[in-house]
Structures are given as structure tokens and as C-alpha cells.
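> Using only what follows, build the 3D model:
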Amino acid sequence: MNKESKRIFFIFLRYLILVLIALPNLFIFYLILTPLTVYPVNFLLNIFYSPVLNGSQITINHTVIEIVDACVAGSAYYLLLLLNLAIPMSIKKRLASIAFSFALFLTMNIARISIFTILLINEFRYFDLTHKIFWYVLSGVLVFLAWFITIKTFKIKKTPFVSDIKFFYNQIKKHKK
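I've put the predicted structure just below:
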């Protein structure tokens, strides 16, 4: 298999992985990331309060906080994976950058949930407004912040999707000659 054929194969493989992961409604993300989110949040809250953990519900002073799928943000991890797989790079660099971006976003998400829980427990007057602003606006900012830090850390020079499109365009041009 020549270099171009190999690259074409890996491009299709990367996008096939994205489709296969998305098909069962991102189930794999929630299966893995829900406990990785819930337990550290409970641990952090244990520093300030005496939380009671029951599944994905944390009860503090008769206030129940349920960490639902939207809190876990499986679609955010999927977006990070999509951005990562939409760029040609070595498997070693890809695995490291995926692990890094996921760990970075997980850390930010745990901090976000913990802070919002503390605000709710302390009856912060603007909790609902702040929560909605974070949900609709700033959650996307966190994903892109994680992505830009990943780009900088791993010195990623290619552009998602565009690099693959340019490659196919150049292949078509080359074969027309």
C-alpha cells in the first residue's frame, strides 16, 4: 500500500470511528465519564460539607444535586474527539492529545459542577441565571479552551477537516494530470 492509499485509509478509519461512537447516542462517553465526574465532585464537596452519594445524586443539607448527562457533557468530549480525529497526526500523538484534552476538560467540568453545587447550597441569589449562562454560552467556551490548550501543548498545525479536504483536493488534481 503506497503512502497516499494509506493516508486515505486512515482518513476513512478516523471518520468511521466518529460515526460508530456517535451511533449509540454517545453511550460510551456517559458510561465511562459519569463515575469519573461524580466521584471527584463528591470528594471535593466532602472538603466543605458532608455529602451523601447515591448513584449520581449528591445530597447536602437536604438539597439533592443530580449529576445528569448534560452535567457530564458527553457531547463536549465527543466534540473534542471529533476535532482530534479530523486532523492527520501520528497515533502516538493522537492518543496523547485525546487523553490530555479529555483530562483537561474533565478537570474543568469537575470544578464547574463543584462550584455550582457550592453556590446552590449557599443559596446564591443568581444561581439560576449563572447556571443558564454557563449552560448556553460558557460550556462551549470551556470545550474550545480545552481544544486550544491541546493545540498549543501538542503543537498541532493542521486544521480540522480542512487538512483532509485539501489532501483529497490535491489527490484529485494530481490524478487529473
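> The chain: helices as residue ranges?
Using DSSP state H, the helices of the chain run over 3-22, 27-48, 69-72, 74-85, 91-121, 127-133, 139-154, 162-176.
> Next one: the residue most central in space within the chain relative to residue 29, how far apart?
By C-alpha atoms, centre = their mean, the chain has its centre lying nearest to residue 77, at 2.1 Å. Distance of residue 77 to residue 29, given as C-beta to C-beta, to the nearest Å: 5 Å. From N, CA and C alone the C-beta is placed, and that goes for glycine too.
> ok, the nearest residue to residue 28 once chain neighbours are set aside - how many residues close by?
Spatially, and ignoring its direct neighbours in sequence, residue 28 is nearest to residue 21 (6.3 Å; C-beta to C-beta, 6 or more residues apart in numbering). Neighbourhood size, residue 21 [other C-beta atoms under 10 Å]: 17.
> likewise the one 3 residues further on?
The burial metric for residue 24, expressed as a neighbour count using other C-beta under 10 Å, is 10.
> Please tell me how far it sits from residue 30.
In terms of C-beta to C-beta, residue 24 sits 10 Å off from residue 30.
> again, but for residue 145
22 Å.
> follow-up on the earlier one: what sits against the residue nearest to the centre of the chain?
Applying C-beta atoms under 8 Å, 6 or more residues apart in numbering, we find residue 77 in contact with 29, 33, 102, 105.
> Make CSV out of those and add neighbour count.
Below are the contacts of residue 77 laid out as CSV (neighbours: other C-beta atoms under 10 Å):
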residue, neighbour count
29, 22
33, 21
102, 21
105, 23
